[in-house]
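A.B. asks: Model the following, please.
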Amino acid sequence: MREAVASKIEEIAGRVAGSEGLEVVEVEVKGGGNSRFVRISIDKPEGVTHADCELVSQQVGTILDVEDVVPGGRYTLEVSSPGVERKLVKPADFERFQGKKVKIALRTAIDGRRNFEGTLAGFAAGIVSLETAPGQQLHFGLDQVLKAHLKFEW
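C.D. replies: Numbers count the residues shown, from 1 in each chain. Model prediction:
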């Protein structure tokens, strides 16, 4: 049921965000009963402002209330930027962030390892290319990615 609620919220948030030139990165629904927590991460190429978050929060919150999307009607809504180490979730994320440093955890090990860091070298036909060292690339299917996020270099 939680997935169905999250999916409906993502659809609503996508409509609202899209009309404002924003992208929905992720929607999370946690908790149950009277203590549900809904987190929506939004992004845009030039960065998300506080006003962007406020606008999406107000519009999505109103729709959620009117359409009674969250069971029980009581929830806390948080809308924020995904941060500098944003998650890579969708195929479009892997295309958009080519050339950026990433950290990736795989579902199954390659050469005895599941965790890798490197530069996202490419993405095509569902295959991720990761440059783990100069001249060394690792290739794996997007379906093998357990978690992936940008790695900010200080």
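A.B. asks: now residue 68, what's its secondary structure?
C.D. replies: Assigned with DSSP: H, G, I helix; E, B strand; the rest coil, residue 68 falls in the coil class.
A.B. asks: Could you check how far it is from residue 31?
C.D. replies: 17 Å (Cβ to Cβ, to the nearest Å). Backbone N, C-alpha and C define where each C-beta goes, glycine included.
A.B. asks: Same check on residue 12?
C.D. replies: Applying Cβ to Cβ to residue 12 and residue 31 gives a distance of 19 Å.
A.B. asks: low pLDDT regions in this structure?
C.D. replies: 1 (pLDDT under 70).
A.B. asks: Can you give me the domain assignment for this structure?
C.D. replies: The record's domain parsing of the chain by automatic domain parsing lists 2-80, 91-150.
A.B. asks: Now do the helices in the protein.
C.D. replies: Remark: helices assigned in the chain by DSSP state H are 2-19, 50-66, 91-96.
A.B. asks: could I get these as CSV with distance to residue 35?
C.D. replies: Converted to CSV, the helices of the chain look like this (distance: least, Cβ to Cβ, whole Å):
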stretch, distance to residue 35
helix 2-19, 13
helix 50-66, 16
helix 91-96, 30
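A.B. asks: between residue 12 and residue 31, which one's more packed in?
C.D. replies: residue 12 (20 against 12; other Cβ atoms under 10 Å).
A.B. asks: For the more buried one, give me its contacts.
C.D. replies: Neighbouring residues of residue 12 by Cβ atoms under 8 Å, 6 or more residues apart in numbering: 60, 63, 64, 67, 69.
A.B. asks: Return the distance of it relative to residue 39.
C.D. replies: Using Cβ to Cβ, residue 12 is found at 14 Å from residue 39.
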